[in-house]
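[1] A predicted structure for the sequence below; I have some questions about it.
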Amino acid sequence: QVQLVESGGGLVQPGGSLRLSCVTSGLTFSRSGLRWYRQTPGKERELVAGISSVGEATIYADSVKGRFTISRDNAKATIYLQMNSLKFEDTGVYYCWGKQRGTEYWGQGTHVTISS
């Protein structure tokens with residue numbers, strides 16, 4: 001059974017930082033590319049960042065380039081999203097995504113609120 005469990009969300013002021021974690025189980029983690037998505041009010045879920053199976057390749061949404069960093073620890077079967085210089089528009093629910101044998105898996109999401 002594949003499970004993805006996010007944590008690390010919270011309330012932070014603009015310009016602040018948060019680090020999200022996604023602990024996975026049941027995935028062949030070292031062979032899995034993984035992603036972070038977010039759902040912001042009134043918008044469709046969007047891709048924020050992705051990382052290849054061994055971490056040699058990453059992709060980012062234009063809106064977060066230079067501010068967010070995705071990383072992974074294969075020994076812990078965990079991916080991270082370091083978010084710096086947070087803006088109001090980063091508010092939303094952040095989801096971890098994985099895929100195995102053609103089936104997509106999502107975590108339950110962690111809430112991020114940027115507010116002064």
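    Perfect, I can see it now.
[2] show me what contacts T113?
    For T113, the contact set (C-beta atoms under 8 Å, 6 or more residues apart in numbering) comprises G9, G10, L11, V12, T91. The C-beta positions use only the backbone N, C-alpha and C, and glycine is treated the same way.
[3] gap between it and S52?
    30 Å (C-beta to C-beta, to the nearest Å).
[4] give the bridge partners for the residue most central in space within the chain, please.
    In the chain, the residue lying closest to the centroid (C-alpha atoms, centre = their mean) is W36, at 2.9 Å. W36 has these beta-bridge partners by DSSP bridges: A49, C96.
[5] likewise S7?
    Bridge pairing for S7 - DSSP bridges - gives S21.
[6] okay but it is in contact with T110, surely?
    Yes. Under the criterion of C-beta atoms under 8 Å, S7 makes contact with T110 at 5.9 Å.
[7] of those two, who's got more company?
    More neighbours surround T110 than the other of S7 and T110, with 22 against 13 (other C-beta atoms under 10 Å).
[8] show the contacting residues for the nearest residue to S52 once chain neighbours are set aside.
    Spatial nearest neighbour of S52, excluding adjacent residues (C-beta to C-beta, 6 or more residues apart in numbering): G33 at 5.1 Å. Neighbour list for G33: G50, I51, S52, S53, K99 [criterion: C-beta under 8 Å, 6+ apart].
[9] among those residues, name the buried ones.
    Buried positions within those, assessed by neighbour count (16 or more other C-beta atoms under 10 Å), are G50, I51.
[10] so where do the strands sit in the chain?
    Assigned by DSSP state E, the strands in the chain fall at 3-7, 10-12, 18-25, 34-39, 46-51, 58-60, 68-73, 78-83, 92-100, 103-106, 110-114.
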